[in-house]
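Engineer: How does the following fold in three dimensions:
(4 chains)
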Protein chains: 2
Amino acid sequence: MSSDLTESGTGPTGAAPTLSEVAKRAGVSSITVSRVVRMPDLVAPETRARVERAMRDLGYVPNLVAGALASARTNSVGVLVPTIANSIFADTVQGLSDKLEPLGFSVILAQSRYDAVREDRVLAALLSRRPEAIIMVGSPATEEGSRLLRNARIPIVETWDLPANPIDAVAGFDNYKAGVAVAKHLVAQGRRQLAFIGGDDPRGTRRWFGFRDEALASGLSEPRRLILDRKDSGSVAAHARLQDVDAVFAANDAHAIGFMSGLRKAGLLRDGPASAQPVAVIGLGDLEMGQLISPTLSTISVHGDAIGRTAATLTLERGGERRIDLGFELVLRNSG
Amino acid sequence: MSSDLTESGTGPTGAAPTLSEVAKRAGVSSITVSRVVRMPDLVAPETRARVERAMRDLGYVPNLVAGALASARTNSVGVLVPTIANSIFADTVQGLSDKLEPLGFSVILAQSRYDAVREDRVLAALLSRRPEAIIMVGSPATEEGSRLLRNARIPIVETWDLPANPIDAVAGFDNYKAGVAVAKHLVAQGRRQLAFIGGDDPRGTRRWFGFRDEALASGLSEPRRLILDRKDSGSVAAHARLQDVDAVFAANDAHAIGFMSGLRKAGLLRDGPASAQPVAVIGLGDLEMGQLISPTLSTISVHGDAIGRTAATLTLERGGERRIDLGFELVLRNSG
DNA sequence: TCGCTCAATGTTAGCGCTAACATGGAGCAG
DNA sequence: CTGCTCCATGTTAGCGCTAACATTGAGCGA
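Structural biologist: As a prediction, this is how the structure comes out:
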């Protein structure tokens, strides 16, 4: 099939072929090859065929690094999450990646691991790759990070929260209201001794404030707050430290399920409905797992992938509404 | 503090400052600025201080796109996973990212969604960004993808399996043996009617073969194989289609937990030990969740993050062993 | 003092591509 | 046949940086 196997089937001898090598082989100028790659409609069919043939023969793979430098467009977006493993943020990354990939954008992924120093470092690393936008979970932890983002003069989307003074765009939900909604529900159910378990990251803390404020407003005493390590396993033991409590709001489903596991060991978990639970448990995130366990987990449902898709959209269009509240739902099942 | 606030506090007026603008302001040549950024030890302390000052004043952020073109080093690796959400691959991405980030490498993340066409497309997109290595879960689905990778002449690490003819390096475990191990265990437990539930992706299929072969070798009849959709929820209903079975190997923990949920509805789940279960269930992946539910989930434990870290290592060092079997463990708990 | 080394800095060229602006015809109205 | 438009293709310059190779001068042993 190929007229020159030396450079095709057997693979290139040395460096990757360049645009101009393709051009030479096809007997056209480099810009014509560039057009075949990016705007094929502008090239005459026969020329195009000749160029495409040359590209195939040489195994040409465009060099987007060079293209990006020349055109000042990298077709990439930086994505910063606290962590990607065992986490609902993976849904968000999936959502935005699904939206961005078909448009030719690549995702540069970085994790802060809930560490402000690392966050600033990866933010700088991200920006030095000149992404066309940054999508992050939450807001920068430091003033320095914030400054970096503002100076970058690209769309910035903060997600998973609704910050009062966003840098640019926002796609999230009101974590405070989520805490309020859970407290309201538990109070209505007649629970009196509330507790909150979770991390002390900004979003978790906002949930706690909403939860506490609503409990106090309902005349309950201040709920207990147990700040757990990032490892779920800690929540199994949490029950020991929360003896007299009759309702728990866990900042995420993993904590909730861990806590339920502790309750089970203590004989405080029923397979019956919420009203039968000695201790009500509400999670947040609506992991699929929550529906599969027994008792099924009541939870605040948040659409992580919708957050990702919305963030991607905000990245692409500069006009329009820049603050999108995707809300949440209190999904009541059997745990509380 | 700054002698020129016009270009600092208020943010740059137009384009991002370049190396040579910093150089001009510091009264040195561009290469000296470049050295301050990359090899500060080669620059005299006073000069360095002057340059650093100029960088701060201008809010200089190095342009790695230009740097990459000039030096032919992008300091990035491409990572291709089937999916990142709700998946154990997230652990692998976390692991490799944790290893690579401190070394100045960025992760370009792409998902194939178990779709061969999309895989080839994102592979080409990845390669056009000239990553210094590609780490992928599994092996290319098509000959074309394979060819692309081979021609790229960069380290390629295939993970989560031990392919017979790898492109380059491998960090994974033997999925066939995992299936064998599970079947052996179930047979030893006296189970007679085995079944397998899971997807029909390459790795799942290899587990199935190992499982089936061992069952047959033990004199059992051929196990049933239920190919499920990628959505766990399907596995809840799976029990209906697997009536006469007394042991199930689920290709991943999510499927296993879903199946157990179906068993529970059918009254076929006990809180007691494995020997008390009417139907044994073994998963794969060792999600933390498996220890938190009741009965606790027996599973094949695979260290997703170790796979990621090992893959990252294989990416950095070209010499040494290129095929690393990270093994697996059969973790026995109460489900089977 | 010469001639050497070495530390600090500079000069030059070019990475592979694209934006912006030519160029050369073909087609066609008047 | 002029002059215009428009399609297909080409030329030129340069994106922001770094590799490779100077250059300069200080320090120093013989």
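Engineer: now A:D200: how far from A:L216?
Structural biologist: Going from A:D200 to A:L216 by C-beta to C-beta, to the nearest Å gives 19 Å. Using the backbone N, CA and C atoms, a C-beta is placed for each residue, glycine as well.
Engineer: for A:L69, same thing?
Structural biologist: Following C-beta to C-beta, the distance that separates A:L69 from A:L216 is 57 Å.
Engineer: With neighbour numbers in mind, choose between those two.
Structural biologist: Using other C-beta atoms under 10 Å in any protein chain shown as the criterion, A:L69 and A:L216 rank with A:L69 on top: 19 against 13.
Engineer: Confirm that the more buried one sits in a helix.
Structural biologist: Yes: according to DSSP: H, G, I helix; E, B strand; the rest coil, A:L69 belongs to a helix.
Engineer: Next up, the contacts around it.
Structural biologist: A:L69 is in contact with B:65-66, B:69, counting by C-beta atoms under 8 Å, 6 or more residues apart in numbering or on different chains.
Engineer: and if we set it to 10 Å?
Structural biologist: A:63, A:130, B:63, B:65-70 (C-beta atoms under 10 Å, 6 or more residues apart in numbering or on different chains).
Engineer: do A:L123 as well
Structural biologist: A:L123 sits in contact with A:78, A:80, A:110, A:112, A:134, A:136, A:140-142, A:144-146, A:148-149, A:152, where contact means C-beta under 10 Å, 6+ apart.
Engineer: Please convert the buried members of those residues into PyMOL selection syntax.
Structural biologist: In PyMOL, a selection of the buried entries from the contacts of A:L123 looks like this (16 or more other C-beta atoms under 10 Å in any protein chain shown):
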select buried, chain A and resi 78+80+110+112+134+136+140+141+145+146+148+149+152
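Engineer: ok, which of the contacts of A:L123 also contact chain B?
Structural biologist: A:78, A:110, A:148, A:152 (C-beta under 10 Å from any C-beta of the partner chain).
Engineer: any idea which of these is closest to DNA strand D?
Structural biologist: Nearest to DNA strand D out of the ones next to chain B among the contacts of A:L123 is A:A152 (C-beta to the nearest atom of the strand; 13.7 Å).
Engineer: ok, now which ones touch that closest one?
Structural biologist: A:A152 neighbours (C-beta under 10 Å, 6+ apart): A:78, A:123, A:126-127, A:130-131, A:133-134, A:167-168, B:11-12, B:16, B:59, B:61.
Engineer: swap in A:M55?
Structural biologist: A:17, A:19, A:21-22, A:25-26, A:33, A:36-37, A:61-62.
Engineer: So which of those residues is surrounded by the most neighbours?
Structural biologist: Busiest of these [other C-beta under 10 Å] is A:V33, holding 28 neighbours.
Engineer: Verify the stated contact: A:N63 with B:R130.
Structural biologist: Yes: using C-beta atoms under 10 Å, A:N63 is in contact with B:R130, at 6.1 Å.
Engineer: Which one's more surrounded, the two?
Structural biologist: B:R130 (22 against 19).
Engineer: that older thread, restricted to helices, list the contacts of A:A152.
Structural biologist: A:123, A:126-127 (DSSP state H).
Engineer: would you list those in CSV and tack on pLDDT and distance to B:P163?
Structural biologist: Formatted as CSV, the ones in helices among the contacts of A:A152 follow (pLDDT from 0 to 100; distance: C-beta to C-beta, whole Å):
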residue, pLDDT, distance to B:P163
A:L123, 98, 37
A:L126, 98, 33
A:L127, 98, 38
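Engineer: Tell me where the stretch 151-300 of chain A has helices.
Structural biologist: With DSSP state H, counting those that start in this stretch as the criterion, the stretch 151-300 of chain A has helices at A:175-188, A:202-217, A:234-237, A:253-265, A:289-292.
Engineer: Most tightly packed of those helices?
Structural biologist: helix A:253-265 (a mean of 25; mean count of other C-beta atoms under 10 Å in any protein chain shown).
Engineer: close to chain B, is that helix?
Structural biologist: Yes: using C-beta under 10 Å from any C-beta, helix A:253-265 reaches chain B at A:253-254, A:256-262, A:264-265.
Engineer: centre of the chain versus that helix, how much separation?
Structural biologist: Centroid displacement of helix A:253-265 relative to its chain, using C-alpha atoms, centre = their mean, to the nearest Å, is 25 Å.
Engineer: and that helix with helix A:202-217, angle?
Structural biologist: 60 degrees (axes from the mean of the first three to the mean of the last three C-alpha atoms, to 10 degrees).
Engineer: As PDB, could you dump the C-alpha coordinates of helix A:253-265?
Structural biologist: The C-alpha trace of helix A:253-265 is given here as PDB (Å, rounded to 0.1, in the frame of the first residue of the first chain):
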ATOM      1  CA  ASP A 253     -21.200   9.400  52.600                       C
ATOM      2  CA  ALA A 254     -18.000   7.500  53.300                       C
ATOM      3  CA  HIS A 255     -17.900   8.900  56.800                       C
ATOM      4  CA  ALA A 256     -21.600   8.100  57.200                       C
ATOM      5  CA  ILE A 257     -21.200   4.500  56.200                       C
ATOM      6  CA  GLY A 258     -18.200   4.200  58.400                       C
ATOM      7  CA  PHE A 259     -20.100   5.600  61.300                       C
ATOM      8  CA  MET A 260     -23.000   3.200  60.600                       C
ATOM      9  CA  SER A 261     -20.500   0.400  60.800                       C
ATOM     10  CA  GLY A 262     -19.600   1.600  64.300                       C
ATOM     11  CA  LEU A 263     -23.300   1.700  65.200                       C
ATOM     12  CA  ARG A 264     -23.800  -1.800  63.900                       C
ATOM     13  CA  LYS A 265     -21.000  -3.100  66.200                       C
END
